[in-house]
Each structure stands twice: as C-alpha cells, then as structure tokens.
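Asks: Fold the following.
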Amino acid sequence: MSRLISDLGIIHPLQKALTDLEISVATDIQEQVIPIILHQNEDIVALAKTGTGKTAAFGLPLLQLVNVENKNIQTLILAPTRELSTQIYHNLTTFAKYIPDVSIVLLTGGNTVKSQVEELKAGAHIIVATPGRFLDLLEKGELDVKSLKHLVLDEADEMFQALKDDLMPILKALPKDHRTFLFSATMPGELKDIVHNYMSKNAISIDSDMATIGHEGIIHQYIVVEPIEKLDVLLHFLNSQGTGRGIIFCKTKAAVNKLAKNLAIRKISSGALHGSLTPGIRDRIMEQFREGYIDILVATDLVARGIDVKELAYIVNYHLPDTHEAYVHRSGRTGRAGAKGLSMTIIQEEEVKEIAGFEKELGIHFEPVSKANAEDIELNNTLVWAKKVFKTKPNREIPEEVRQQVKTIFHHLTKEELIDKVIANYLAEHNKQL
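Replies: Sure thing, here's the model as predicted:
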C-alpha cells in the first residue's frame, strides 16, 4: 500500500504546497528516493520511466535541504532539453510556494545570458539547467560551484547520448564531495561507465516499477493503413475525439512541418514543435498549448520529455518510434496523475510485426482497431471542410457590388437549401479531384 508523502519526512510548508496541488499519496519512486536524500549520504542511481513522479522525488527533499543562509549554489539539476528543464523549474517553484527564501534559477537557451547573469548575482540556491547553457556560463566565470552539495542528472541516458561533450566538463568541474542523484529510463554501457567513474561506489540502486508505471490508465491501440490513407484516417480519429486535446508525434522535423501545414490548411487548431525552431517560438507554442489556445501539438521525440500538460486525452504516433523508450515517453504524455488516456499508433502493414516487441519489452497490450471505411472517411472530410468554412474570416476586400450580386443569386434560397447546395458542390469538386 502506498504511503502518504507526509509520512516521508517532508516539512509542513512543502506539504501545504502539495495539498494545494491535491497531491498526498507517494508514488513508488518518491517513496524510495525521498527518505534517502533526506536522511542518508549516499548517491542514487534510479531507473524510472516517465510519469513516475521523479521531479517531486528529488525536488521536494532538495528544497528542504537548502540552507537559506548560504547564498551560493547548493543544488544543480541538469536535464537534456529546454522543455524538460523549464517543466522541472516550474514544478520546483510551485513546490516552494511557501518557502519564498529559497531561490531557484533556470538557465537555458531562449533567455539572454545577461539576464541570467543578473539572476545569478541576486543569489541562487538551486539551478535548473541544460548542460550547454550551464557550461557556457561556467566557462565565462559567472558560476561559483564550490558550495555545491547535490547534483541531479535527469533523463541521464538522453543527456549522455546527445550532450556528452557539454556534460563531461561540468562533471569534472564540480567539487568532489557532492552527492549525485542519477535518474534514467535505461542504463546503456556508456552510462554505466559514468556511474563507475563519477559516482560513489556505495551508490544506492533503485528500480521503480518499470513494467507498469507510466502506463496505468493508458489504452494502447493501433490502426493499419495504406500510406495514401494516413492523413484521412488521422483526421477521422481527431474528429472522433471531440474537444479532447492531444499530441501527434512524428519522426522528423520535416514530417512535423508537413503534417502541421496540412492541419493548418484545414484550420485545425494546432502548432508544430521541433528542435530547429528558435527558443522563442518553441516557448510561445508551448505556452499556447498549455493555456489551451492550441488543441493539438505536432512534435518530434526531441521535445517529448519536456511536455507535461494536464488533461491530454490522447497522443498519436503518426510514425512508429524507433525505440521502446521513445514510445514510453510519447505515451506518458497522456494518462497522467491518475487520469485515463489513449495512445493511438497509425502504422502500415509491414510494421505490424513490430508491435509484439513493444508489448513484450514494455509489458503492455495493444488493441487493434479497424480503420474507418471509405464512406465514413468521406463524411468526416466533409465535416472537416465545414469546420474550415466556419472558421474562415470574411474577406472585407470583396467589392460591395459583387457581394450584393451574390446575395441576389442566393436570396430566394432557404438556409437549408443553401447548405444542401454548398455540400453537394463540395462533394462534386472533391470527387472530381480523386
């Protein structure tokens, strides 16, 4: 039976913030990690996948351990992407709502170095950063890490795969007597070497409930399509979700841009997110998505780990991911905090054989779903067209004389007759193009 977080030694101001968030029961990883960080001196190597509550597992005790009298950096939290770093930062600031003397600074691209240097001069107890920006400021002499007591490496497998050149100089520059808390979904050989060389030989290994955590409450389905049908089947699926919000994952930025353009042409509320966009654009799109101004996000795996938006009804794998780990991070965006979620994968016939590997490795079950028939697809495309027309802004540059002439042509038709004729015209034009 899960324990209450209040039983793990968390101080009252942090508990009060958790109460505001309606969080009371500890997840498996929190139950294991929090007491060790608070009451022991060992390093931690934790295997845990997305959706396990990792940020609270390390964030709550590290907030509690801050010595507010010491104005120097005491904790450094490194994450592989700006999105994930930003999410961790927002979570920590929310947890620290009732301990205002604790200073938390975010160091990532997207903000000027000058503004971040000013923040550091004001004092920073905890820094959340991407390796690239932290190393840049470290080499400029803007960071004093001599008082550092705690290092968190979140999504360590991703960082060592993509950001090793930035990460290694940071590890070498930190004081020898700090504690390291490494969180990773997998443990590749290269990461094992880092654990051996840069962490205590007495590090405590923690293996959270890998098989099911992050998948509870998520329904996994797949639809088999011909390549030419893919977009139409996706549009039919999106329409079936009503007002539900979700994320569509593609393998490449080119595929993201192409799909986002197809959705935009149909005036479907969406935004594209991939690593080649400027930091400002990425931040703006994420903010619009979090605030509900965008209903659908089309994204690459690069940013999947930093997307933590509540109440997402579904995710769609428009392309089957290359790795089992990528699938976990994609599907983990939905069904969060005990809610139900749907992970839909749209694949071609030759990819069906790969589903069994995902099931075996991840301990999940995929339900095959029949694709919509031609009649339903045509009906759905008609509805997509109708919604596009509804959302189209009137063209105020059309001469008034033309407007009146058109009105004269249609004036004797009832609303129902006009709708019938417009639909018939659309279907005739659409069928002519096929």
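Asks: how about stretch 314-325 as CSV, C-alpha atoms only?
Replies: This file holds the C-alpha atoms of stretch 314-325, laid out as CSV (Å, rounded to 0.1, in the frame of the first residue of the first chain):
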residue,chain,number,x,y,z
TYR,A,314,-4.7,11.2,-26.3
ILE,A,315,-1.4,11.0,-28.1
VAL,A,316,-1.0,9.8,-31.7
ASN,A,317,2.1,8.0,-33.0
TYR,A,318,1.9,9.2,-36.7
HIS,A,319,5.1,7.3,-37.1
LEU,A,320,6.1,4.3,-35.0
PRO,A,321,9.0,5.4,-32.8
ASP,A,322,12.4,3.8,-33.4
THR,A,323,12.9,2.7,-29.8
HIS,A,324,10.7,1.2,-27.0
GLU,A,325,12.0,4.0,-24.8
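Asks: which residues are contacting whichever strand or helix holds G59?
Replies: G59 is part of helix 54-64 when elements are defined by DSSP states H and E. Residues from elsewhere that reach helix 54-64, judged by CB atoms under 8 Å, 6 or more residues apart in numbering: 5, 10-11, 14, 18, 23, 27, 29-30, 32-34, 37-38, 46, 48, 75, 77, 87-88, 91-92, 95-96, 99, 102, 126, 150, 152, 154, 181, 183. To be clear about C-beta, it is placed using only N, CA and C from the backbone, and glycine gets the same treatment.
Asks: now stretch 290-300
Replies: The contact list for stretch 290-300, computed with CB under 8 Å, 6+ apart, reads 238, 243, 245-253, 256, 259-260, 263, 268-275, 285, 288-289, 307, 309.
Asks: Out of the residues you listed, which end up buried?
Replies: With neighbours counted by 16 or more other CB atoms under 10 Å, those contain buried members at 238, 245-251, 253, 256, 259-260, 263, 268, 270-274, 285, 289, 307, 309.
Asks: quick one: strands adjacent to the next helix or strand after the helix holding G59?
Replies: Next along the chain after helix 54-64, taking DSSP H and E as the criterion, comes strand 75-78. Sheet pairing of strand 75-78 (DSSP bridges) gives strand 126-129 (parallel), strand 150-153 (parallel).
Asks: Ok, which of these comes nearest Q161?
Replies: Q161 lies closest, by CB to CB, to one member of those: strand 150-153, at 12.7 Å.
Asks: C-terminal to that closest one, what's the next element?
Replies: Once the chain leaves strand 150-153, the next helix or strand it forms, by DSSP H and E, is helix 156-162.
Asks: For that next one, buried residues please.
Replies: Buried residues in helix 156-162 (16+ other CB under 10 Å): A156, D157, E158, M159, F160.
Asks: and for that helix, what are the contacting residues?
Replies: 78-81, 131, 153, 167, 182-188, 190-191, 194, 305, 325.
Asks: Which members of the contacts of stretch 290-300 are positioned in helices?
Replies: Using DSSP state H to define helices, the subset of these located there is L238, K253, V256, L259, A260, L263, I285, Q288, F289.
Asks: Now render the residues you listed as TSV, adding distance to V145.
Replies: Shown next, in TSV, are these (distance: CB to CB, whole Å):
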residue	distance to V145
L238	48
K253	35
V256	37
L259	43
A260	41
L263	45
I285	33
Q288	36
F289	35
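Asks: which of those lies closest to V113?
Replies: Of all the ones in helices among the contacts of stretch 290-300, I285 has the smallest distance to V113: 23.2 Å, by CB to CB.
Asks: how about the closest one, what does it touch?
Replies: Neighbour list for I285: G271, A272, L273, L277, I294, L297 [criterion: CB under 8 Å, 6+ apart].
Asks: What of F366?
Replies: By CB under 8 Å, 6+ apart, the neighbours of F366 are H220, Q221, Y222, T345, I355, F358, E359.
Asks: wait, the first one sits on G363?
Replies: Spelled out, that is H220. No. Counting by CB atoms under 8 Å, H220 stays clear of G363, with 11.0 Å between them.
Asks: neighbour-wise, which of those two wins?
Replies: More neighbours surround H220 than the other of H220 and G363, with 21 against 12 (other CB atoms under 10 Å).
Asks: Okay, now the unreliable bits of the chain?
Replies: By pLDDT under 70, the weakly predicted segments of the chain are 1-2, 49-51, 162, 188, 208-216, 303-308, 310, 336-339, 432-434.
Asks: Got the domain ranges for it?
Replies: Under the assignment automatic domain parsing, the domains of the chain span 5-207, 218-374, 394-434.
Asks: would JSON lines of those domains with distance to W385 be doable?
Replies: What follows is these, written out as JSON lines (distance: least, CB to CB, whole Å):
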{"stretch": "domain 5-207", "distance to W385": "34"}
{"stretch": "domain 218-374", "distance to W385": "8"}
{"stretch": "domain 394-434", "distance to W385": "6"}
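Asks: re earlier: can you tell me which of the ones in helices among the contacts of stretch 290-300 lies nearest to K415?
Replies: L238 (27.8 Å).
Asks: give the contact list for that closest one.
Replies: G246, I268, I296 are the contacts of L238 under CB under 8 Å, 6+ apart.
Asks: now those residues in JSON lines, with distance to V369?
Replies: Shown next, in JSON lines, are these (distance: CB to CB, whole Å):
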{"residue": "G246", "distance to V369": "16"}
{"residue": "I268", "distance to V369": "21"}
{"residue": "I296", "distance to V369": "19"}
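Asks: now, among those, which is nearest to D207?
Replies: D207 has its nearest neighbour among the contacts of L238 in G246, at 30.7 Å by CB to CB.
Asks: For beta bridges, what are the partners of the closest one?
Replies: Using DSSP bridges, the bridge partners assigned to G246 are I296, Y314.
Asks: Understood, closing this out.
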